[in-house]
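[1] Give the three-dimensional model of this entry:
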Amino acid sequence: MSVSVTYSRTTTKTFVQNFLEITKFRLSVSVVFSSVVGYLLGAPIIDFSILFLLAVGGYCMVGASNIFNQIIERDLDALMNRTKNRPIPSGRMTVKTAFILGSILTVVGLLVLYSINPITAMFGAISIFMYVSLYTPLKTKTPLSVFVGAFPGAIPFMLGWVAASGSFGIEPGTLFMIQFFWQFPHFWAIGWFLYDDYAKAGFFMLPNGKRDKRTATQAIMYCIWTLVASIMPAFGITGKLQLSTVSAVIVGLLGLGLVYYAYKLYVDLSEKTARKLMLTSVSYITLIQLIYVIDKFVR
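    Numbering: from 1, shown residues only. Here you go, the predicted structure:
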């Protein structure tokens, strides 16, 4: 009996571990966080049942996208050091099991988001389609894959506002724009310090395929656009999405920090600086989202 119980616990633990890995738990949680922030910004009154549905539906959709991505790239994942131990290339999960899991999460995610409102489910469906059917296959063909991937990557932030309002307008459009511009320096920084590993799988992540000053210049420009988009709500041109002067100054200073590290990459052209830019970009998007929420409720 004890052997059976131990085996059952081990099997459950393994399944949970594989589930968390194949759905990219930390990435999925960060995406859900963006959606939750968008909801808090757009909701006149917080409905915690809607917030819960958004979190569950959002995780299901992001998790499904990650699963289908890993099914398609399983042979390429086996070539790279950072991905060779994922559930599918390591043999801990079969393609069939992964496909069934991804399909279940897709259906559940769409139904949950539809229960919030149809437009939220529509944007969720667009996100998973673009990520799996466009971004994933383009990664081995053209650097434009980052541009295409920025669209589904920018949807979660605005999705929360859409879930709260049931409509699309200048407010969720601004949230979309912030996260859209932000993704370029973020992913180019990753593509820079993981250049050799990506090369093993033939991924084109940098805009001109090289770790040079032209790539770094583009990273600087997108950091500036991210900064500009992030302080736009302070000028009264983004509808109900507003930002106080004090918060705008803080966001602006954080943005200058982001631009600074992009400039450092231009000067150094090093993997170490690229990693710092990546970490700075993660800190930036997290901090400004928190500032937006705090500003709304204390203003």
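[2] And the helices in the stretch 51-200 of the chain, which stretches?
    74-77, 95-116, 118-129, 136-138, 145-165, 170-193, 195-201 (DSSP state H, counting those that start in this stretch).
[3] angle of the third one against helix 95-116?
    Same thing as helix 118-129. Angle, helix 118-129 to helix 95-116, by axes from the mean of the first three to the mean of the last three CA atoms, to 10 degrees: 160 degrees.
[4] of the helices of the stretch 51-200 of the chain, which approaches Tyr59 most closely?
    helix 95-116 (7.8 Å; CB to CB). For every residue, glycine as well, the C-beta is placed using N, CA and C.
[5] ok, and for that closest one, which residues are buried?
    97-98, 101-102, 105-106, 108-110, 112-114, 116 (16 or more other CB atoms under 10 Å).
[6] Any regions of the protein where pLDDT drops low?
    1-13 (pLDDT under 70).
[7] State which helix of it is the longest.
    Ranked by number of residues, the top helix in the chain under DSSP state H is helix 271-298.
[8] so what does that one touch, helix or strand wise?
    helix 25-42, helix 170-193, helix 213-231, helix 245-268 (3 or more CB pairs under 8 Å, 6 or more residues apart in numbering; DSSP states H and E).
[9] Give the buried residues for that helix.
    Quick answer for helix 271-298 (16+ other CB under 10 Å): 271, 273-278, 280-281, 284-285, 288-289, 291-293, 295-296.
[10] Report the buried residues of stretch 20-35.
    The neighbour-count check on stretch 20-35 (16+ other CB under 10 Å) flags Glu21, Ile22, Thr23, Lys24, Phe25, Ser28, Val31, Val32, Phe33, Ser34, Ser35 as buried.
[11] Domains in the chain, by residue range?
    Taking automatic domain parsing as the criterion, the chain consists of the domains 16-168, 169-299.
[12] what's near enough to touch the residue nearest to Lys264 when sequence neighbours are not counted?
    Spatial nearest neighbour of Lys264, chain neighbours left out: Thr273 (5.0 Å); criterion: CB to CB, 6 or more residues apart in numbering. Counting by CB atoms under 8 Å, 6 or more residues apart in numbering, Thr273 makes contact with Tyr261, Lys264, Leu265, Val267.
[13] Quick check on these: which are buried?
    Of the contacts of Thr273, these count as buried by 16+ other CB under 10 Å: Tyr261, Lys264, Leu265.
[14] Quick check: the last one vs Leu258, distance?
    Which is Leu265. 11 Å (CB to CB, to the nearest Å).
[15] quick one: common contacting residues for those two?
    With CB under 8 Å, 6+ apart, Leu265 and Leu258 have common neighbours Leu277.
[16] Hmm, Phe176 is touching Ala154, no?
    Yes: the criterion here is CB atoms under 8 Å, and Phe176 meets it with Ala154 at 4.9 Å.
[17] Who has more neighbours out of those two?
    Phe176 (24 against 21; other CB atoms under 10 Å).
[18] Roughly how far does that one sit from Gln183?
    11 Å.
[19] what is in contact with these two at once?
    Ala154.
[20] And the residue nearest to Lys264, how close does it get to Leu111?
    45 Å.
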